[in-house]
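**Student:** What follows is a predicted protein model with its sequence.
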Amino acid sequence: MIKAPIEQILEKIAKLSNTSIEEVKRKVEAKKALFSGLISDEGAAQIVASELGVSFQEKELQIIDLLSGMKKVNVSGKIIAIDPIRKFVRGGKELEVASFEIADSTGSIKVVVWDTKHIELLKKEIIKEGSVIEIKKADVKGIATKELHLTSSSEIVLSDKKIETIVRTNNKKISKISELRKNENALIRATVVQLFNPSFFNVCPECSMKTTFENDKTLCIKHGLVIPKKRIILSGIADDGSANVRILFFHEAALKFLAESIENLQNPEIIIEKKQKILGTEYIFAGRMRKNALFDREEFVVNDFSEVNPEEIIKELSKKNAF
Ligand SMILES: [Zn+2]
């Protein structure tokens, strides 16, 4: 493992990306600010490097430094738990996905493998609980919970490194919908079984209160005549097998979930397309249960989400005939 002092890392990023060292430092500081100081200099440098197209493949990271969006990272850890191998059918083919958790002295993370050669390592118990492994060229995914995803070009090798102290940080509990309590912040893992047409409304640009429309004029009760801002609300039903729940996405969350601009979302054809993509898809939703007094029902207000089996990984692997 190369333990380069941060100055050397920054110099290397600058050199490899043809950027000045000052510019690299500025980007690293901006990245640290963006993550509210939750990442180390090295973690921030890694993200800046990948954004500048610089690969850091020989630099091994600690689990605490792994951040969603990083690509081709190297990390070592001790396997502390293995999930049962799951089978699923895509495009008429039966595929398998395996997952396990690794930990080092800084934290733990779930590792997801799709490639048969990696799944074989588990089946043949070449790697098992207690094994210390080195993972090369894995991608960090997930928003609600971080995951390390391996592709067919990733590697898993047994390591002779000793990992004595481990810290578990990836044990954020996924709640069953049937057990959600009011006002509780929770993570749920559920499939979207219904998605309603989004509703649009206008708000005052100054106070964000709903505006009214009278005699061709948009009025705010406080600010009088205004040019309104358009807002969107999206709702649907998610089911995790224990129960179903109404899920609600306010403006920013709705735009992020639908991955489309508010202008395009007013086109009914685009809404149909989005529904086709989202219905039947499993997500991890982070949010909060609340009571909607008006309709006398409970709703889960989503503030973040990540897809459970990202389509693109399956597509990428299918292309390479990995299965
Ligand atoms: Zn107003």
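**Tutor:** Okay, I see it.
**Student:** All the helices of this structure, residue numbers only.
**Tutor:** Listed in chain order, the helices found in the chain under DSSP state H are 6-17, 21-34, 41-51, 116-123, 251-258, 268-278, 311-319.
**Student:** could I get the ones you listed as CSV with distance to Cys220, mean neighbour count and mean pLDDT?
**Tutor:** For glycine as for every other residue, the C-beta is placed from the backbone atoms N, C-alpha and C. Conversion of those to CSV gives the following (distance: least, Cβ to Cβ, whole Å; neighbours: other Cβ atoms under 10 Å; pLDDT from 0 to 100):
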stretch, distance to Cys220, mean neighbour count, mean pLDDT
helix 6-17, 48, 16, 79
helix 21-34, 33, 16, 88
helix 41-51, 41, 21, 81
helix 116-123, 58, 16, 95
helix 251-258, 17, 18, 92
helix 268-278, 28, 14, 94
helix 311-319, 42, 14, 49
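**Student:** Kindly reformat these as TSV containing distance to Ser153.
**Tutor:** As requested, the helices of the chain are exported to TSV (distance: least, Cβ to Cβ, whole Å):
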stretch	distance to Ser153
helix 6-17	21
helix 21-34	26
helix 41-51	16
helix 116-123	11
helix 251-258	29
helix 268-278	27
helix 311-319	10
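**Student:** now the strands: where do they sit in the stretch 201-323 of the chain?
**Tutor:** 212-214, 217-220, 224-225, 229-239, 244-250, 282-292, 297-307 (DSSP state E, counting those that start in this stretch).
**Student:** can you list the domains in this protein?
**Tutor:** 1-56, 58-171, 174-309 (automatic domain parsing).
**Student:** Out of the helices of the chain, which is closest to the ion?
**Tutor:** helix 251-258 (16.5 Å; Cβ to the ion).
**Student:** who touches the closest one?
**Tutor:** Taking Cβ atoms under 8 Å, 6 or more residues apart in numbering as the criterion, the residues outside helix 251-258 that touch it are 198, 231-234, 249, 261-262, 265, 274, 278, 302-305.
**Student:** Check stretch 199-214 too.
**Tutor:** The contact list for stretch 199-214 (Cβ under 8 Å, 6+ apart) reads 218-223, 226-233, 262, 266.
**Student:** Try it again at 6 Å.
**Tutor:** For stretch 199-214, the external contacting residues (Cβ atoms under 6 Å, 6 or more residues apart in numbering) are 218-220, 222-223, 226, 228-233.
**Student:** List buried members of the residues you listed by neighbour count.
**Tutor:** Buried members of the contacts of stretch 199-214, scored by 16 or more other Cβ atoms under 10 Å, are 218-220, 226, 228, 231-232.
**Student:** where in the protein is pLDDT low?
**Tutor:** Using pLDDT under 70 as the threshold, the predicted model of the chain has low-confidence ranges 1-5, 37-38, 55-59, 68, 143-145, 170-172, 309-323.
**Student:** For it, which residues are neighbours of the ion?
**Tutor:** Residues of the chain that fall close to the ion, judged by Cβ under 5 Å from the ion: 204, 206-207, 220, 222-223.
**Student:** want to try JSON lines for these, with distance to Arg86 as columns?
**Tutor:** Output for these, formatted as JSON lines (distance: Cβ to Cβ, whole Å):
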{"residue": "Cys204", "distance to Arg86": "49"}
{"residue": "Glu206", "distance to Arg86": "51"}
{"residue": "Cys207", "distance to Arg86": "49"}
{"residue": "Cys220", "distance to Arg86": "52"}
{"residue": "Lys222", "distance to Arg86": "54"}
{"residue": "His223", "distance to Arg86": "54"}
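**Student:** Tell me the spacing between Leu95 and Leu187.
**Tutor:** Distance from Leu95 to Leu187, counting by Cβ to Cβ, to the nearest Å: 25 Å.
**Student:** and Phe100, what are its bridge partners?
**Tutor:** On DSSP bridges, the residues paired with Phe100 through beta bridges are Ile82, Val111.
**Student:** close enough to count as contact, it and Ile79?
**Tutor:** Yes. Counting by Cβ atoms under 6 Å, Phe100 sits close enough to Ile79 to count as a contact (5.5 Å).
**Student:** any chance of the buried ones among the contacts of stretch 199-214 in CSV, plus distance to Ala253?
**Tutor:** Putting those into CSV (distance: Cβ to Cβ, whole Å) gives the following:
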residue, distance to Ala253
Thr218, 25
Leu219, 28
Cys220, 24
Val226, 25
Pro228, 20
Arg231, 12
Ile232, 10
